[in-house]
Each structure stands twice: as C-alpha cells, then as structure tokens.
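K.L.:
fold the following and give me the result.
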Amino acid sequence: MAEASTQTETQSGKPHLNGNTPKVAPQPIVNKSKASNKNDVTWMVGGPAGYGINSSGEMFSRCFTRGGLNVFAYLEYPSLIRGGHNNYHIRVSKDTIYSQVSTVDLLVCLNRDTFDRNQMKVSPKGGIIYDHENFKIGKDELTNSAVNLYAVPLMKIVKDHSGIDVMRNTVALGASLALLKYPLDHLKKLITEQFAKKGDKVINLNIDVATAGYDFVNEHYDVNAYPFNMDPTENRSRILLNGNAAISYGAMKAGCKFFCAYPMTPASSCLTVFARHEEEMNIVVKQPEDELAAALYTIGASFAGVRAMTATSGGGFALMNESLSFAGIAEVPLVVVESQRPGPGTGLPTWTGQSDLQFVLNSGHDEFPMMVMAAGDVREAFQIIQHAFNYAERFHIPVIVLSDKFLSESLYSVETFDDLPKIPIDRGPLATKEELAARGDTTEDYPRYKFTDDGVSPRTIPGMPNARYIANSNEHDELGDVSEEADNRVAMHAKRMKKLETIAAELPEPMLYGPEEAELSIIGWGTSKGPILEAMKWLSDEGISINYLHTIYINPFPTKPMKRFLEHASKTLLIEGNFEAQFGQLIRQKTLLDVDEKFLKWDGRPFNPQEIVDKIKSIL
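P.N.:
Residues are numbered from 1 along each chain as shown. So this is what the prediction gives:
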C-alpha cells in the first residue's frame with residue numbers, strides 16, 4: 001500500500017507523491033521477494049496501550065533467541081498513555097536477517113481495531129488469532145480468503161484460572177507457539193525469570209494460562225496444517241537488545257562514569273539502562289531538571305576528568321546548543337547521543353526519521369570542530385560510542401552520535417560482541433607529571449590552549465599541581481585569559497579548526513557492501529542500513545547486482561571516497577528518511593556531484609525491504 005508521505009524523485013528532480021489517491025478496498029500485501037517458509041516467520045501482536053503489548057512482544061522474541069534463532073523486533077505505538085493502536089512486529093529466522101518486513105505470517109488481535117488495521121498484511125495461508133467471545137470475524141471480511149482464522153477464548157482462559165485481564169497476552173503467546181510447533185519450555189523459563197520477585201503463585205498462574213492457550217490450539221486445530229513453524233537450533237542462545245542498550249553498554253565498556261539525561265523519547269531508555277547498573281559499574285547517574293542542565297552537568301563532569309555522556313532527541317538537543325558551543329571553545333570533551341524522531345516541534349514523538357542531520361551538522365553558533373557519526377545497527381552502536389569517547393578526549397571536542405527511534409527501540413539478536421575489534425581506551429594528551437613538576441612553585445596559569453601543530457593542546461585535570469587554567473566562553477589566549485586581539489583570534493580559531501584535518505586523515509572510509517561493480521549503487525547512512533541489506537539479499541537471489549556505500553562518520557565528511565564511489569557508479573540511488581535529502585545536500589556540498597535517484601520517506605515509519613526492492617526495480 002502506498003505511503004502518503006513517501007516521495008521519490010527522478011533525475012529530472014520532479015517529485016512524485018504517492019498519496020492523495022482515491023480510496024479503494026485494501027489489497028493484500030504480498031512480499032514478492034521473501035518466500036515464506038519455516039526458516040523465516042513474522043508474528044505481530046496488536047492492541048491498545050495497557051494491554052501488555054511491549055512485555056509480550058519482548059517475551060515472545062526471547063523465546064526464540066533462547067532457542068538460538070535470529071530475531072528482529074519493531075515496536076509501534078502512539079504518544080498516548082493509554083489507548084491508540086500499539087503493535088509489536090517480530091521476525092524470526094534461522095538465517096541472518098537485517099530488518100522487519102511488510103508481511104505478517106501470524107497476527108494476534110487483542111482487539112477488533114488490530115484486525116481492521118492489519119489483516120491485509122497477513123501472508124497467504126498465514127493465520128490470525130483472536131478472541132471470538134470478544135469480537136467476531138467472518139471469512140468474508142478477509143482481504144485474502146486463504147488466511148486461517150484461529151478463534152481462541154483468551155479472556156475465558158484467564159478467568160477460568162482466576163487471572164487478570166492483561167494476562168490474555170500470555171494466553172496468546174502460548175497459542176502462537178503451538179501453531180508454530182515451538183516447544184513451550186523457553187516461555188516457561190522466561191515467565192519464571194520475569195516474575196521471580198513476585199513469587200511462585202504469580203509464576204505458576206502465568207505458566208498455567210500460557211499452557212492452557214498452547215493446549216487449546218493443539219486440541220482444537222490441526223497445527224500441522226498451518227504451514228509455518230520454527231524449530232530451535234543446536235546453537236547457543238543469542239543476546240537480544242535494542243540500540244539504546246547497545247549504546248549504553250558500549251559507553252560503559254568505554255569507561256563512562258557519569259551519565260546525565262532528561263527523559264525524552266526515544267532516547268529515554270538509556271537513562272534506565274544506566275540507572276540499572278549504577279552501583280554495579282560505579283557510575284554516577286543523574287536526571288536533572290531539563291536538557292540544558294543535562295549538557296552542562298556532563299560538561300562539568302568531563303572538565304573534572306570523568307568520561308561523561310548525555311542522550312536526548314531533537315527538541316532536547318536544541319536546548320543544548322549554547323552549551324555545545326561552550327564545550328567547543330573551552331575544548332572540553334563532550335559525548336552526546338541524539339536519537340531522532342520526526343518534528344518540527346513535538347511532531348511524532350514515538351516514531352522514527354532521519355531529519356535532524358543538517359540541524360546537528362550546523363548546531364552551535366560560529367565554527368568549532370565537532371564530530372558527527374551515525375550507527376546503523378546495534379553492533380555499530382556498541383562500537384562507535386566507544387570511538388566517540390576516544391575522539392572526544394583525544395581532540396577535546398564535542399562528538400554527536402546519531403541514532404533514531406528505529407534503532408533506539410527495535411530489538412536485534414546478536415550472538416556476541418566478542419568478535420568485534422577491541423577498542424582500547426585513549427584518554428588523549430594530558431600534561432605529564434614531569435612537565436608539571438618542572439614548573440616548580442609557579443602561580444602562573446598552565447598554557448592549556450597552547451598552539452600546536454595538530455591543534456590539540458595537552459589538558460590538565462582539576463587537582464593536578466601547578467595545572468590551573470581558566471576555562472570560559474570568551475575567546476582567550478594560551479593561558480585561557482580573555483583576549484580580543486585580532487592576531488590571537490585568528491591563530492586560536494585556526495588552532496581549533498586544525499583538529500578536523502587531523503581527524504579526517506585517520507578516519508576509516510565508508511563501508512562498501514556488495515560487489516565493486518554493480519547495476520545500481522545505493523548510498524545511505526544510519527538505520528536505512530538494515531532494510532537496504534535485506535533488499536540487496538532478495539535482489540541477489542533474483543540475479544540483480546547491487547552495491548551499497550554505508551557512511552558512519554559524517555563529519556568530517558569522507559569527501560574523497562564518496563566522490564570516487566559516485567564517479568565509478570553506473571547509476572546511484574540515495575535512500576534516507578527525510579523530505580529534503582539532507583545527506584544528498586551534504587554530498588553535493590562536499591563533492592559537487594549529485595546522485596541520480598532519490599528514495600525519501602518522512603512518514604515516521606522506517607523503510608522496509610519490499611518498498612526498496614520495488615523502487616530499485618522501477619529504475620533499472
């Protein structure tokens with residue numbers, strides 16, 4: 001189905017809006033590139049907020065990671081405390097998967113609205129579980145008559161066991177596992193772990209209703225007639241985590257000892273992850289009165305010599321801009337995670353997008369050296385946050401790590417992070433004890449902003465002897481004293497900006513996926529990565545050759561490799577989640593070259609592989 005706010009542009013630059021079409025009967029969504037089989041199953045549970053959608057989705061996902069399978073789970077919910085339509089879309093496979101897909105093989109409807117919104121997404125011969133005592137579904141209501149209906153008395157089972165209403169999702173989990181011919185053992189263990197603090201009575205009650213749902217389906221339906229099933233593998237279980245957790249754990253591994261943030265969706269769970277491990281990891285975690293305070297607290301901690309970080313979204317980052325400039329001129333290391341959501345203003349606070357790129361690149365006032373990097377998945381998130389701390393402290397600059405709701409809150413399964421390259425902690429140039437001792441009993445300030453060839457001056461930490469210096473937001477000389485002399489301004493500003501040349505010379509090039517020679521070359525950044533890789537996999541099966549340049553380090557911009565890639569490509573396609581092709585603007589600014597085609601989205605939903613496949617086929 002067409003997205004009303006999906007724009008594509010041809011080489012002529014004329015936009016084509018797919019919305020505003022006459023209203024027609026819903027058509028089934030057919031994933032033409034993904035052949036449904038027992039190695040790849042998608043499951044969705046939907047209902048209003050307050051129905052336990054989040055907890056049931058996470059538990060369902062963990063059932064399969066405990067069985068050694070690969071999982072990608074994407075949560076959608078409106079910005080309401082209660083009500084609205086929530087759904088958790090979970091994809092499970094024995095093979096490597098990179099993202100969600102359009103279709104659903106098994107849909108669990110906890111209310112009628114879920115059926116009305118999603119039944120056309122169910123794959124041929126897929127299934128719908130619903131409580132027939134709550135609402136009725138007729139075969140004639142199905143968009144695809146081949147879809148199977150499974151009426152399960154969810155609420156009756158709960159009441160028969162003297163349970164509470166929210167436990168209907170636990171019954172649905174058991175019923176779903178029965179249809180997928182998946183053993184119940186993993187769910188029982190997860191229930192035991194989740195409700196351990198509530199005692200055996202609660203544990204046993206939840207296990208009983210899950211088992212009742214499992215048994216009901218086995219007793220009333222021929223589960224072997226349902227063509228989708230998942231078997232546990234012999235491999236060890238996998239880790240399941242979202243992007244915020246990966247960033248938080250990566251920061252802890254990098255030695256972060258101070259985290260300060262004001263909750264703002266979709267970055268909020270970074271705060272809860274840090275708080276959960278505060279005592280264990282000896283980290284100071286603080287929730288201040290607003291985002292401006294969060295940035296200033298973080299700068300203060302970093303000035304004191306502690307690795308420190310804050311996390312927010314676009315609106316919070318807007319409040320941090322003046323303090324960002326202060327960190328720039330005072331040359332205090334600063335790490336900020338900016339998890340994007342659609343705006344302007346409050347916008348779509350619980351949805352996703354890539355519209356803050358130019359805002360972040362041009363944040364703060366005047367010029368100062370700053371790095372911007374973007375994570376494409378949880379493995380990259382875990383890695384680049386560690387690099388962010390090293391770059392911040394080596395060059396005494398702000399480093400902005402871009403994420404978005406799609407990465408921040410989606411669940412990814414990973415076998416381990418142990419195979420990733422080790423990233424040693426690099427605290428950057430500090431004044432040595434010998435250098436400070438040689439200063440004797442001087443009362444003069446330390447030349448903290450000393451002119452150097454690479455622009456980086458050794459810093460001192462409060463408490464070091466003979467190491468005092470002035471750090472303020474005025475232009476200053478080498479000692480930190482205020483100076484408005486023209487010669488000093490020219491030299492000091494050039495010293496700071498020199499850092500970007502040094503950084504650019506050592507940054508790794510963008511990552512190339514696919515063959516060097518291809519029919520079409522895709523350019524993207526951030527979380528478009530997963531859907532693009534999934535689409536490439538499907539197209540490869542059809543014999544279509546695609547390669548993809550994925551950019552992690554955005555500022556300093558990789559001008560030479562990007563220009564080389566564009567000049568070598570037969571045809572190029574830019575994919576990003578905003579209206580104005582902001583990364584495309586940056587490419588043009590830095591290389592004086594344009595991409596041939598653009599595929600842009602700004603509807604708050606992530607890209608899915610099928611629409612990328614369709615777009616590629618339309619231009620080849």
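
K.L.:
in the stretch 351-500 of the chain, which spans are helices?
P.N.:
Assigned by DSSP state H, counting those that start in this stretch, the helices in the stretch 351-500 of the chain fall at 357-361, 378-395, 405-409, 433-437, 486-506.

K.L.:
what's the closest of the ones you listed to G526?
P.N.:
helix 405-409 (7.5 Å; CB to CB). Where you see a C-beta, it was placed from the backbone N, CA and C, and this is true even at glycine.

K.L.:
please identify the most buried of the helices of the stretch 351-500 of the chain.
P.N.:
Mean neighbour count (mean count of other CB atoms under 10 Å) peaks for helix 405-409 among those, with a mean of 28.

K.L.:
quick one: mean pLDDT for it?
P.N.:
On average, the pLDDT along helix 405-409 is 98.

K.L.:
have a look at this structure and report the helix or strand with the lowest mean pLDDT.
P.N.:
None of the helices or strands of the chain scores lower by mean pLDDT, DSSP states H and E than strand 15-17, at a mean of 29.

K.L.:
coming back round to it: so can I have a markdown table of the helices of the stretch 351-500 of the chain showing distance to T65?
P.N.:
Listed next are the helices of the stretch 351-500 of the chain as a markdown table, based on distance: least, CB to CB, whole Å:
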| stretch | distance to T65 |
| --- | --- |
| helix 357-361 | 32 |
| helix 378-395 | 13 |
| helix 405-409 | 17 |
| helix 433-437 | 49 |
| helix 486-506 | 37 |
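
K.L.:
and L296, which of those is closest to it?
P.N.:
helix 378-395 (16.2 Å).

K.L.:
for the closest one, C-alpha coordinates in PDB please.
P.N.:
In PDB, the C-alpha atoms belonging to helix 378-395 read as follows (Å, rounded to 0.1, in the frame of the first residue of the first chain):
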ATOM      1  CA  VAL A 378      23.300  -2.400  17.400                       C
ATOM      2  CA  ARG A 379      26.800  -3.800  16.700                       C
ATOM      3  CA  GLU A 380      27.800  -0.400  15.200                       C
ATOM      4  CA  ALA A 381      26.100   1.400  18.100                       C
ATOM      5  CA  PHE A 382      28.100  -0.600  20.600                       C
ATOM      6  CA  GLN A 383      31.400   0.100  18.700                       C
ATOM      7  CA  ILE A 384      31.100   3.700  17.600                       C
ATOM      8  CA  ILE A 385      30.100   5.000  21.100                       C
ATOM      9  CA  GLN A 386      33.500   3.700  22.300                       C
ATOM     10  CA  HIS A 387      35.200   5.600  19.400                       C
ATOM     11  CA  ALA A 388      33.100   8.700  20.300                       C
ATOM     12  CA  PHE A 389      34.700   8.800  23.800                       C
ATOM     13  CA  ASN A 390      38.200   8.300  22.300                       C
ATOM     14  CA  TYR A 391      37.800  11.100  19.700                       C
ATOM     15  CA  ALA A 392      36.200  13.400  22.300                       C
ATOM     16  CA  GLU A 393      39.100  13.100  24.700                       C
ATOM     17  CA  ARG A 394      41.900  12.900  22.100                       C
ATOM     18  CA  PHE A 395      40.800  16.100  20.400                       C
END
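
K.L.:
how distant is that helix from the center of its chain?
P.N.:
15 Å (CA atoms, centre = their mean, to the nearest Å).

K.L.:
quick one: list the elements packing against it.
P.N.:
Judged by 3 or more CB pairs under 8 Å, 6 or more residues apart in numbering; DSSP states H and E, the packing partners of helix 378-395 are helix 243-253, strand 334-340, strand 371-374, strand 398-404, strand 411-414, helix 486-506.

K.L.:
checking the closest residue to Y77 other than its chain neighbours next. Helix, strand or coil?
P.N.:
Leaving aside its sequence neighbours, Y77 sits nearest to N86 (CB to CB, 6 or more residues apart in numbering; 4.3 Å). The local conformation at N86, judged by DSSP: H, G, I helix; E, B strand; the rest coil, is strand.

K.L.:
E133 against V158, yeah?
P.N.:
No. With contacts counted by CB atoms under 8 Å, E133 stays clear of V158, the gap being 11.3 Å.

K.L.:
tell me which of the two has more neighbours.
P.N.:
Ranked by neighbour count (other CB atoms under 10 Å), E133 and V158 place V158 first, with 23 against 12.

K.L.:
which element is that one on?
P.N.:
helix 154-160 (DSSP states H and E).

K.L.:
ok now that helix, how far from the chain's centre?
P.N.:
37 Å.

K.L.:
what's near enough to touch A196?
P.N.:
Residues near A196 by CB atoms under 8 Å, 6 or more residues apart in numbering: I203.

K.L.:
mind redoing it with 6 Å?
P.N.:
With contact set as CB atoms under 6 Å, 6 or more residues apart in numbering, A196 has no partners.

K.L.:
which residue ranges make up each domain of the protein?
P.N.:
If you go by automatic domain parsing, the domain ranges for the chain are 40-237, 240-414, 433-506, 511-619.

K.L.:
would CSV of those domains with distance to P421 be doable?
P.N.:
As requested, the domains of the chain are arranged in CSV below (distance: least, CB to CB, whole Å):
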stretch, distance to P421
domain 40-237, 20
domain 240-414, 8
domain 433-506, 15
domain 511-619, 14
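
K.L.:
out of the ones you listed, which one sits most buried?
P.N.:
For the domains of the chain, the highest mean count by mean count of other CB under 10 Å goes to domain 240-414, at a mean of 22.

K.L.:
how about the secondary structure of D215?
P.N.:
helix.

K.L.:
quick check: the residue of the chain positioned farthest from its centre vs S61, distance?
P.N.:
In the chain, the greatest distance from the average C-alpha position (CA atoms, centre = their mean) is reached by D441, at 51.8 Å. Noted for D441: a distance of 63 Å to S61, by CB to CB, to the nearest Å.
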